[in-house]
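# Return atomic coordinates for the entry below.
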Amino acid sequence: MLTKLAKALGLKQPNGSNAEQDILILALKGKCAGDTYYHDMDKSVFDSAMEGDDEEDFYRFYARQREIGIQAFKKEVENDLSTLSGCQLHAIAQHQNYHNGVWLLRQVIAQPKCEFATAFGIYWANQPGDYYARYETLDLACEDINALSHANAVLLNVIEHKTRLGTFAQTVPVPDVACFLDRKPDYSVKPMINIPVELRV
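Just a heads-up that it's a prediction; the model follows:
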């Protein structure tokens, strides 16, 4: 079953091609890089938790993370992403599940080849209206470092800043994000007036 983000970004059911399989595996590697749950486990606990999974890609990635450390493993993923085209980065984002956190999406957004269409879908999947209702600006949301949604607020803020600077590539069609909206926002009033015009639905 496709996630809302996958649908909004235009993901189709996988066709089994080698290129698509490579993207799926890299998306999984990125998910593992942003997940530190298994890193500090005692080896016996890790082995028990992963019993029967030693042929799986996620086992290989978590074992690699434990071997070289969290930051080194994250750097590997960043290097992998830096070799991708904008369309491939778009596909990586399509395969992200928001229950896995936003570390991988932050890395996608940081890439010079990242498409505006990718950022636009990610932006609305993270429900910016919720942050504006509570904080009025994303800068204020980012200052609340103890909030559970702090990482998401930072992600949204980065997207807004890069959008204002016009640094995203513009070759992939902008997706329909209607599935994320209960109703069209009213941009004429605070706080929604603070959303950049380019990111409005």
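
# Over to the residue of the chain positioned farthest from its centre. Which of the three states is it?
Distance from the C-alpha centroid of the chain, by C-alpha atoms, centre = their mean, peaks at residue 44 (31.6 Å). Following DSSP: H, G, I helix; E, B strand; the rest coil, the label given to residue 44 is helix.

# Repeat that for residue 106.
helix.

# check contacts around it.
Taking C-beta atoms under 8 Å, 6 or more residues apart in numbering as the criterion, residue 106 is in contact with 151, 154-155, 158. The C-beta positions use only the backbone N, C-alpha and C, and glycine is treated the same way.

# which one of these is nearest residue 123?
The closest of the contacts of residue 106 to residue 123 turns out to be residue 155 (C-beta to C-beta; 8.4 Å).

# isn't the closest one right up against residue 119?
No. Between residue 155 and residue 119 there is no contact under C-beta atoms under 8 Å: 9.6 Å.

# Overlap of the contact sets of those two?
Joint contacts of residue 155 and residue 119 (C-beta under 8 Å, 6+ apart) are residue 109.

# more crowded one of those two?
residue 119 (28 against 23; other C-beta atoms under 10 Å).

# right, and that one touches residue 162 too?
Yes. Residue 119 is within contact range of residue 162, at 6.8 Å (criterion: C-beta under 8 Å).

# Contact partners for the most centrally placed residue in the chain?
Most central in the chain under C-alpha atoms, centre = their mean is residue 105, positioned 2.3 Å from the mean C-alpha point. Residue 105 makes contacts with 93, 96, 122, 155, as judged by C-beta under 8 Å, 6+ apart.
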